[in-house]
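Undergrad: no sequence for this one, just the structure:
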């Protein structure tokens, strides 16, 4: 059980919307660049690996925040309670976020909703963590699971839209995967991801399409990358700015090559640096 | 409907410019009959609507009906991606309307630009929002409903009676949410 604050400490009689909007207006990221990374169609698709390696490229002055949708607080060393202690401001848990929100606004007279109220609170929590982590010039925000998970669609995706509306230096990255079958790569999962995203109001600056483990060792990365981008252009002819970068399935001794690969394509990942 | 100001005069001078869609063999549309609506809207407004920060949809004309409004994203994928429900709308002189809806509709710049040279404005009060499982693309819409009127001009409604093939088709893409 969490500790209930005294009634007088709460914002029970106040207008939650006015408080949240006032706090959002005060939010100042000092021109920091925020890179948000989401995944689809499954978790464990390589978001953390990508974020860590992109961060490594930036050397210092960056911070990482990871959102997880866990609601449980079991003590099996990998769930909410331990991660809070372990991750500190780097960790953002759905359960804790909702508890904090209810502590502050739970008794207010206004009818509270996941969106926009909890979504705005999510944005403010990102901001508070960024400040707590030293107001770095680069912030990576990784959204655990997939962007279609219930808790993510309920208030995280709306929160990301609000963040983008309020602050222009937000870049949204999708990590997805192409499949291999019948002697070729299949881009349907990528197209599905983009269709689902569109219905949620998400638009991506770059799509990282991880190549399948089963791909024959000798393959033409450039041809596959072109093929994936062509299929995306065919599927979304009215959104020419959509671009994908195929990521080889680095494994074992090849893993250090991942850094070099990202460095080589940094102009696609952060085109504003060019 | 909650009306303020000289609505009768407004309606007299600005008769509704509707483009009614009657699928073949389904008869006409009685004004008293509930119906679904279909509007064209820019993707930036759709994003705000899905984020919950936009709770009023601005229009230049008073709708004949209230109900579910299907949203056709005109500048992004050109597809229906979601819908909202409204049962009330506000008609006010432009300056009063801004005081009523403010940024819960859009930014002041866009508001002023949209209603420039207008005396009255209309705001639909959004009560509930649904997002489609997958986009319904323009090509698919016109393939299934070839007599669907082409985009005539922005902010013109297309009506279809509840239970029509068109409404049923659109509603089927929302995982039984209706």
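TA: Thanks, I have the structure now. The structure presented is a predicted model; accordingly, all values stated were derived computationally and were not measured.

Undergrad: for residue A:221, give me its contacts.
TA: A:211, A:246, A:248 (C-beta atoms under 8 Å, 6 or more residues apart in numbering or on different chains). No exception for glycine: its C-beta is placed from N, CA and C like everyone else's.

Undergrad: recalculate using a threshold of 10 Å.
TA: A:211, A:215, A:246-248, A:261 (C-beta atoms under 10 Å, 6 or more residues apart in numbering or on different chains).

Undergrad: before we move on, which element is residue B:39 in?
TA: Assigned by DSSP states H and E, residue B:39 belongs to strand B:35-41.

Undergrad: partners of that strand in the sheet?
TA: strand B:67-73 (parallel), strand B:158-161 (antiparallel) (DSSP bridges).

Undergrad: mean pLDDT lowest where, among those strands?
TA: Lowest mean pLDDT within the strands paired with strand B:35-41: strand B:158-161, a mean of 57.

Undergrad: would you mind measuring from residue A:109 to chain B?
TA: Plainly put, residue A:109 is 18 Å away from chain B if you go by C-beta to the nearest C-beta, to the nearest Å.

Undergrad: please verify my assumption that that residue contacts residue A:17.
TA: No - taking contacts as C-beta atoms under 10 Å, residue A:109 lies outside contact range of residue A:17: 11.2 Å.

Undergrad: around chain A, pick out the residues from chain B.
TA: B:43-44, B:46-55, B:73-82, B:103-104, B:107, B:129-138, B:173-174 (C-beta under 10 Å from any C-beta of the partner chain).

Undergrad: are any of those residues buried, and which?
TA: Neighbour counting with 16 or more other C-beta atoms under 10 Å in any protein chain shown marks B:43-44, B:46-55, B:73-74, B:76-82, B:104, B:129-132, B:135-138, B:173-174 as buried within these.

Undergrad: now, those residues that are in helices?
TA: Under the assignment DSSP state H, these contribute B:43-44, B:46-51, B:138 to helices.

Undergrad: now for those: which two are most distant?
TA: B:51 and B:138 (24.2 Å; C-beta to C-beta).

Undergrad: which parts of chain A are helices?
TA: Using DSSP H, helices in chain A cover A:16-26, A:47-57, A:80-87, A:94-105, A:119-132, A:150-151, A:157-166, A:188-199, A:221-235, A:256-264, A:266-269.

Undergrad: would you turn those helices into TSV with mean pLDDT and distance to residue A:113?
TA: Conversion of the helices of chain A to TSV gives the following (pLDDT from 0 to 100; distance: least, C-beta to C-beta, whole Å):
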stretch	mean pLDDT	distance to residue A:113
helix A:16-26	93	10
helix A:47-57	91	28
helix A:80-87	53	24
helix A:94-105	91	11
helix A:119-132	97	9
helix A:150-151	92	14
helix A:157-166	94	10
helix A:188-199	92	19
helix A:221-235	95	33
helix A:256-264	92	39
helix A:266-269	94	35
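
Undergrad: need the winner for burial among those.
TA: helix A:157-166 (a mean of 25; mean count of other C-beta atoms under 10 Å in any protein chain shown).

Undergrad: how about the residue in chain B that chain A sits nearest to, nearest residue that isn't a chain neighbour?
TA: For chain B and chain A, the shortest gap (C-beta to the nearest C-beta) falls at residue B:52, measuring 3.0 Å. Nearest non-adjacent residue to residue B:52, counting by C-beta to C-beta, 6 or more residues apart in numbering or on different chains: residue A:115, 3.0 Å away.

Undergrad: hmm, that neighbour is touching residue B:53, no?
TA: Yes - assessed by C-beta under 10 Å, residue A:115 is found in contact with residue B:53 at 8.1 Å.

Undergrad: distance-wise, check the one residue in chain A that gets nearest to chain B relative to residue B:173.
TA: Closest contact between chain A and chain B, by C-beta to the nearest C-beta, is at residue A:115 (3.0 Å). From residue A:115 across to residue B:173, the span is 21 Å (C-beta to C-beta, to the nearest Å).

Undergrad: equivalent analysis for residue B:134, please.
TA: The value you get for residue B:134 to residue B:173, if C-beta to C-beta is used, is 7 Å.
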